[in-house]
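Asker: sequence unknown, structure follows:
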DNA sequence: TTGAAAGCGATACCAG
DNA sequence: CTGGTATCGCTTTCAA
C-alpha cells in the first residue's frame, strides 16, 4: 500500500501535523527534525496525496483545456504551449476536444467542474453564451485563447487578426497584385471577420480596389478550400492572388490551382494564416501569417493564474501581433 | 459556495447516506425518494465532488498520457483517439509531452502519481527501465502504445512494423523498382528496426536485391531527412525509390529531390510511414503506411481498463496490421 | 428502506 | 517548536 502521512509520522515518531509542516515549510520546525522527516519520507518513498490536500481546500493544480480538436496541428501547438507553461508551475492540463459542439463543451465543463480544476482555458467556439455565464456564476476562472466573446467580460488573449489581414494585403499589394480574392471560413468566427476587415483595409490604404464579390466562404477543411478556390479560378477574371483565412484552406487552394493548371506562385500567389507545420511542408512552401502561439499560451496561463490569486481583477484583453512568414507561394505579379 | 451532499440531504430531509445511494443507484431506495432527491440535486445545481469520492478509495477517472510532443501531428492523432475512448467511459486524460527526455518522464510520472491517476498510457520512449519498474512496484497500471520495452512485461499495443515495411517493399517492387534505398531514424527505436527488417524481407521475397549500403540513418526531422536524401541522390547509382521510416523524413526526401531536380514520382518514388495529415498535403501527396491509430487508441484504453479491474491479468501484446495508402508519390519505374 | 458514524489523507488552528 | 483535533465531501458498513 502507498505510504501516507501517518506512516511517515509514525516512523519519525512525530505527529502528522509536524510532518505536514516539514513538507510545506510552514510553521517552525527545528532543522534537524525537518531533515530527519524528509529522510524518512524518502525511505518510505512517500508522495503526498494531492487528492487529499485538494479536499481540504487547496488547489488541484489541474487545468482544463477546451479546443476543437487536439489532432489539428494548430491546436496541438496551442496545447503544447500551454502545457509547457502550466507544467513549469506544477499544473497539469486535461485535454478536451470539443469538435466545436456545444453539447461536448457542456459535458466536458461539467466533468472539469466535478474534478474541481483550478481553471479552464477555452480555445474553442462556444455558441451558447449561457455556458460561459454558468462558469461565471460558479466562479470557475477561465480565459479565452484565440477566441472571443463580446457577450461576456472575460480574460482573453488573441492574435491581432486585423493586423494579420493587413500584413497579407500589404505583402500581396506590394508584389503588384491587383486582382485579389479571399477564401474564408464561416463568418460566425470573429477572427475570420477581422482578418477580412484588415485585409480589405490594407488594400484600400494602398489604393488597391477590392470588391466583396471576391470573397468566397466555405468550411475550414482542405476539401472545402479546394472547392472554394475552384470557384474563384473558374471566374472570368481570375485573381492573381488569394488570401486564405487559414492554412488548411490555403492548401486546398493550392490543390485546386494545380488541378486546373494554374501555377503557384507564377500564376497565382497564395497566403495562408496560422503558419502551422503544414505551411513548411507544402510545395511550394506556403507564405503564411504566423500567430505567436508560444506567447499566447504563456499569456493565457498567466491570466488564469492571476485570476486564481486575485479573483476580482479587471478582465483583460491581450492582443498579440502576428507576423508574416514569407515562403515561396507568393511572388511578384506579372 | 458550491452545494455539497449535505446541502442536498438537508433540503431533502434525508441523510447523506441516502443521497449517496440515490446518486449511485446503490442500496435500496424507494423510487419516490430517489426522484425527489434527484430533483433537489438539480435545483441546487449540485455536482458531486470527484475529489472527495476519490479520497474514499474510488477512482479518479483520470489518466496520464505520455507522448514525446503533443504538437507533433502523429501524437496529436494518438492523443485524440485515446481521449475519445476515455471520454466515452467518463475518463479524462492529462497530456504529458516528454520531448523524449527521461528527466521529464520522471517528473510527469511523479506528478501523475500524486494526482492518483488510475493509469498511464505510455507512448514515449523511455531509456531508463527503472522508471517502468517503479511503476510496477507501485502498482500503477500502465500500457505502452506504439512503443515497446522488452525489458519488462507490459501490456502493449503496436502496429506491425515488420508488415508495414513489407507492404512498402511489395508496393515498390511491384512497380518495378530495383534500385531502392531506406531513410530511417535512429535505430535505437525498435519500430525503425522492424520496418527496415520487414522492408528487406519483402524485397528478398520477391528476389529484389538490396544492399545495406542503401540505408541512411538520420534524426527524425524534415531537415535531417532532406540531408539524408541528399546523400542518397548524390550517389553514382541513384535509387529510383526510397522508403522513409516516417512521414517527416519522406517530406525531407521530397524536398531534397526537388532541389536537385529529381522529379517525384517520375524519377523517384517515395513511401512514408504513419500517414499523418501531412501525407495528404504534400505535392505530390505522399504514399504512406498508415497505422490504425484509432484502433490503437481504443485497444490501449481497453487494456488499461482491464488492468484496473483485473490487476494481475496476463500481460498482452496486441499487434495491429498497418495498411498502405497509395497516393501519388509512387509510380511505375521507368 | 434509511441513518449514524467511521474513515480516506491531508491542512490548519489552537494549545501546550 | 510540536501535537491534538476538527474539517473537507463522500462512500460504506452496521444497526435500526
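Answerer: Structure's in. What do you need? Nothing here was measured: the structure is a model prediction, and the numbers come from that model.

Asker: From here on, just use CA atoms for contacts and neighbour counts.
Answerer: Fine.

Asker: which residues touch stretch A:198-218?
Answerer: For stretch A:198-218, the surrounding residues in contact (CA atoms under 8 Å, 6 or more residues apart in numbering or on different chains) are A:161-170, A:173, A:178-187, A:224-225, A:228, A:232.

Asker: what helix or strand does residue A:224 sit in?
Answerer: Assigned by DSSP states H and E, residue A:224 belongs to helix A:222-233.

Asker: quick check: mean pLDDT across that helix?
Answerer: Averaged across helix A:222-233, pLDDT comes to 93.

Asker: Could you identify the helix or strand that succeeds it?
Answerer: strand A:241-244.

Asker: Beyond that next one, next helix or strand please.
Answerer: Taking DSSP H and E, what comes next after strand A:241-244 is helix A:247-259.

Asker: And that next one, what's buried?
Answerer: Judged by neighbour count (16 or more other CA atoms under 10 Å in any protein chain shown), helix A:247-259 contains these buried residues: A:247, A:248, A:249, A:250, A:251, A:252, A:253, A:254, A:255, A:256, A:257.

Asker: need the helices for chain A, in chain order.
Answerer: Using DSSP state H, the helices of chain A run over A:5-12, A:16-24, A:31-43, A:50-55, A:73-88, A:102-114, A:129-137, A:161-174, A:190-205, A:222-233, A:247-259, A:293-309.

Asker: Distance check, the closest residue to residue A:313 other than its chain neighbours against DNA strand C.
Answerer: Leaving aside its sequence neighbours, residue A:313 sits nearest to residue A:307 (CA to CA, 6 or more residues apart in numbering or on different chains; 6.8 Å). Residue A:307 is 19 Å from DNA strand C, where distance means CA to the nearest atom of the strand, to the nearest Å.

Asker: Run a quick check on residue A:307 versus residue A:314, I expect a contact.
Answerer: No: with contact defined as CA atoms under 8 Å, residue A:307 does not reach residue A:314; the gap is 9.3 Å.

Asker: So if I had to pick from those two, which one is more boxed in?
Answerer: residue A:307 (21 against 11; other CA atoms under 10 Å in any protein chain shown).

Asker: and the more buried one, what pLDDT?
Answerer: Looking at residue A:307, its pLDDT is 88.

Asker: can you check residue A:26 too?
Answerer: If you check residue A:26, the pLDDT there is 76.

Asker: count of neighbours near it?
Answerer: When neighbours are counted by other CA under 10 Å, residue A:26 registers 10.

Asker: Could you do the one 4 residues further on as well?
Answerer: One way to gauge burial is a neighbour count; for residue A:30, by other CA under 10 Å, it gives 10.

Asker: Kindly report the same for the one 4 residues further on.
Answerer: For residue A:34, the neighbour count with other CA under 10 Å is 18.

Asker: ditto for residue A:117
Answerer: Look at residue A:117: counted by other CA under 10 Å, it has 23 neighbours.

Asker: Can you give me the distance of it to DNA strand C?
Answerer: Distance check for residue A:117 against DNA strand C: by CA to the nearest atom of the strand, it reads 17 Å.
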